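Got a sequence here, can you build the structure:
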Amino acid sequence: MHVAAAWINFPGFGNNTEEVDAAELVGEITDSGPRDLAAGEPTLNDAGEIVSYTVQPGDAVDAIATRFCIDRYSFKAYNDTSGWDVQPGDVLVLRP
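Numbers count the residues shown, from 1 in each chain. Model (predicted):
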């Protein structure tokens, strides 16, 4: 895996013991390519780094996270979301 975040304390999940205020990128984001449920184009910053993704009709959070090699819990922390539902047009943060 190429991306990780500072470990976030999600009650009841595994052995999480360290609580932090914000996620942070460790390594580089890798785009493994368009796929079912994650077929849109990512947004790049001026340095050419992947920074966000605009949700397309039919996309799913797990597929988007997998495409960019980001675990679902880091992905959730980056986007400050309480659920896994996304709507077409939502802009999701891939680089905190």
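
which stretch of helix or strand covers the residue lying closest to L37 once chain neighbours are set aside?
Nearest residue to L37 in three dimensions, chain neighbours excluded: A63, at 3.5 Å (CB to CB, 6 or more residues apart in numbering). Backbone N, C-alpha and C define where each C-beta goes, glycine included. Here A63 sits within helix 61-67, counting by DSSP states H and E.

do S74 as well
helix 72-79.

all strands of the chain, in order?
42-44, 50-54, 91-93 (DSSP state E).

Buried by neighbour count: which residues of the last one qualify?
With burial defined by 16 or more other CB atoms under 10 Å, the residues of strand 91-93 counted as buried are L92.

quick one: contacts of stretch 80-96?
The contact list for stretch 80-96, computed with CB atoms under 8 Å, 6 or more residues apart in numbering, reads 5, 22-25, 29, 42-43, 45, 49-57, 59-62, 64, 68, 70, 72, 75-79.

and the angle from the helix or strand of the chain with the lowest mean pLDDT to strand 50-54?
Using mean pLDDT, DSSP states H and E, helix 72-79 stands out as the lowest-scoring helix or strand of the chain, at a mean of 80. Helix 72-79 and strand 50-54 are oriented at 90 degrees to each other (axes from the mean of the first three to the mean of the last three CA atoms, to 10 degrees).
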